[in-house]
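Undergrad: Structure here, sequence nowhere to be found:
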């Protein structure tokens, strides 16, 4: 069976109409959901963008041994394994970090194409001083990142020139040219709705307010850095980006049907993670200032991802089975009829899709990379039944450390994201689905049980001893 994997970076599942959001317009994704098995409890594994792609390509839980960086030479990649087994494999992406800086995540694919110009991609050098729509002190890297982006898109004139449109149109062209090439894997990876959030004006107008863009590339920080109106403007821009993505994913899916490929092609739609849009008093998914950074907990709005799996002949439904990114990799191998390499730690979702079984994982662990030791607090999220534990390790050394784990910019990594944070939080998702009220102090027994399950998971994943050591115990005084 052919397989198409569509990645939409930073897309929160609660911003899709099929998941109960009546305010955000996503008619095409809603239709896809109505034809798919919708996994309501899908979670990222390694975080953020680049480590998550590593998990998808390799099927491994890599946060114990891999940090933001190039695809290691020894990694066994999905694209190359399927290609070696006679499948045509194609990667089409505008997410820059897949190919920028020699990251080489396209290695082994039969073909690949990078749609250039997203975010800080050094694609264009003119105009040298583009006008910034927002005060530089409120923008990522003091406005330098946005300035590069504005250079990159300075020739944009029509909606077809926006990145989701270019990427999905290129994917549709590939399908037309390769419809008779035999079994294929097409991985389509668009960076939107990751910021900058600057959809065409008519998308913004659909969410109220003026059509011109303003607050669409904010510095990741506490909400106090912005006014209430600015935060609302960010939410409006994000919603507009989501609808833009929906439009062009719909275009690709329609072309799949028009080319008469839909009956022989499985479609998997997902994301790498979400982000805070004011929840927990944050904007973003970490703190990123011009010269410093700090990791924040991977709350529900960050760790929870959408996952729709449409398989021809399979009855659509919704499932509460607990699943993670490496399971998607194992599922692609299963759909393609190729035995996965021994390195794959994910487990195929096809038995759940085909209703052979209802459950999948007992526990889901989402985490920032833990290979840093104790130089700064990196958080793991442990989801079990209706509970979610946030855990940041036993201790954190006071010394700052240099880090290049986000967008390849070296900054000072602060040991704590806010003074005195204990590194332990607990959320009851049954009573609090958005995960906003910390109840750790009221349920110490649950905290201890989830922590024990977390340690057991790390051991099963062959966590290196030096990494495991700082995760074996709850931090002293966490109950106070």
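TA: In hand now; what should we look at? Bear in mind that the values here come from a model prediction, so they are computed numbers and not experimental data.
Undergrad: what about stretch 200-217, start to end distance?
TA: 15 Å (C-alpha to C-alpha, to the nearest Å).
Undergrad: no no, stretch 314-329
TA: End-to-end distance for stretch 314-329, by C-alpha to C-alpha: 19 Å.
Undergrad: Pull out the buried residues from that stretch.
TA: Judged by neighbour count using 16 or more other C-beta atoms under 10 Å, the buried positions of stretch 314-329 are 314, 319, 321-329. Using the backbone N, CA and C atoms, a C-beta is placed for each residue, glycine as well.
Undergrad: what does stretch 168-183 give?
TA: Neighbour counts over stretch 168-183 (16+ other C-beta under 10 Å) mark 168-172, 174-175, 178, 183 as buried.
Undergrad: quick one: average pLDDT of that stretch?
TA: Taken as a whole, stretch 168-183 has an average pLDDT of 96.
Undergrad: And for stretch 378-388?
TA: Stretch 378-388 comes out with an average pLDDT of 96.
Undergrad: isn't residue 247 right up against residue 26?
TA: No - in this structure, residue 247 is not within contact of residue 26 by C-beta atoms under 8 Å, at 9.2 Å.
Undergrad: So between the two, which is more surrounded?
TA: residue 26 (24 against 21; other C-beta atoms under 10 Å).
Undergrad: Surely the more buried one is in contact with residue 17?
TA: Yes - counting by C-beta under 8 Å, residue 26 does reach residue 17; the two are 4.6 Å apart.
Undergrad: which residues are in contact with both of the two?
TA: Counting by C-beta atoms under 8 Å, 6 or more residues apart in numbering, no residue touches both residue 26 and residue 17.
Undergrad: The stretch 251-400 of the chain: strands as residue ranges?
TA: Assigned by DSSP state E, counting those that start in this stretch, the strands in the stretch 251-400 of the chain fall at 265-270, 276-277, 282-288, 292-295, 304-305, 307-310, 317-324, 363-368, 380-384, 387-391.
Undergrad: which one of those has the most crowded surroundings?
TA: For the strands of the stretch 251-400 of the chain, the largest average neighbour count (mean count of other C-beta atoms under 10 Å) is found in strand 304-305, namely a mean of 28.
Undergrad: what does it rub up against?
TA: Strand 304-305 is contacted from outside by 11-14, 41-44, 270-274, 325, using C-beta under 8 Å, 6+ apart.
Undergrad: which residue sits closest to residue 429, ignoring its sequence neighbours?
TA: residue 386 (5.0 Å; C-beta to C-beta, 6 or more residues apart in numbering).
Undergrad: Pretty sure that neighbour sits against residue 426.
TA: No - the pair residue 386 / residue 426 is not scored as a contact, 11.1 Å apart, by C-beta under 8 Å.
Undergrad: Just want to know which of the two has more residues nearby.
TA: Neighbours per residue, other C-beta under 10 Å: of residue 386 and residue 426, the larger number sits with residue 426, 22 against 13.
Undergrad: Please list all residues in contact with the more buried one.
TA: Here residue 426 is in contact with 387-390, 438-440, 443, 446-447, 450 (C-beta under 8 Å, 6+ apart).
Undergrad: of all these, which comes closest to residue 121?
TA: When these are compared for distance to residue 121 (C-beta to C-beta), residue 390 wins out at 33.0 Å.
Undergrad: Name the next helix or strand following the worst-scoring helix or strand of the chain on mean pLDDT along the chain.
TA: Least confident helix or strand of the chain, by mean pLDDT, DSSP states H and E, is strand 401-403 with a mean of 64. Next helix or strand after strand 401-403 toward the C-terminus (DSSP states H and E): strand 411-413.
Undergrad: Okay, now the sheet partners of the very next helix or strand once past that next one, with direction.
TA: For strand 411-413, the succeeding helix or strand toward the C-terminus, using DSSP H and E, is strand 424-428. Sheet pairing for strand 424-428, assigned by DSSP bridges, gives strand 387-391 (antiparallel).
Undergrad: now the angle from the strand it pairs with to strand 380-384?
TA: 160 degrees (axes from the mean of the first three to the mean of the last three C-alpha atoms, to 10 degrees).
Undergrad: Residues in contact with strand 387-391: which ones?
TA: Outside of strand 387-391, the residues that reach it under the criterion C-beta under 8 Å, 6+ apart are 297-300, 379-383, 423-429, 435, 446-447, 450-451, 454, 471, 474.
Undergrad: And the residue nearest to residue 429, how far from residue 427?
TA: Counting by C-beta to C-beta, to the nearest Å, the separation of residue 386 from residue 427 is 9 Å.
Undergrad: try residue 237
TA: 27 Å.
Undergrad: And residue 452, its phi and psi?
TA: Dihedral angles of residue 452 (phi, psi; degrees, to the nearest 10) stand at phi -60, psi -40.
Undergrad: For it, grab the count of nearby residues.
TA: Going by other C-beta under 10 Å, the residues that sit close to residue 452 add up to 12.
Undergrad: residues in contact with it?
TA: Applying C-beta under 8 Å, 6+ apart, no residues qualify as near residue 452.
Undergrad: What's the per-residue pLDDT of it here?
TA: What the model reports for residue 452 is a pLDDT of 97.
Undergrad: Just give me the longest helix of this protein.
TA: As assigned by DSSP state H, the longest helix anywhere in the chain is helix 228-258.
Undergrad: Taking the contacts of strand 304-305, tell me the two that lie furthest apart.
TA: Using C-beta to C-beta, the pair of these lying farthest apart is 14 and 325, separated by 18.5 Å.
Undergrad: which pair in the buried residues of stretch 168-183 spans the largest distance?
TA: The span of the buried residues of stretch 168-183, defined through C-beta to C-beta, is set by 169 and 183 at 23.3 Å.
Undergrad: Pretty sure residue 425 sits against residue 438.
TA: Yes - if you go by C-beta under 8 Å, residue 425 and residue 438 touch, sitting 4.5 Å apart.
Undergrad: So for those two, which sits in the more crowded spot?
TA: Remark: of residue 425 and residue 438, residue 425 carries more neighbours, 23 against 17, as counted by other C-beta under 10 Å.
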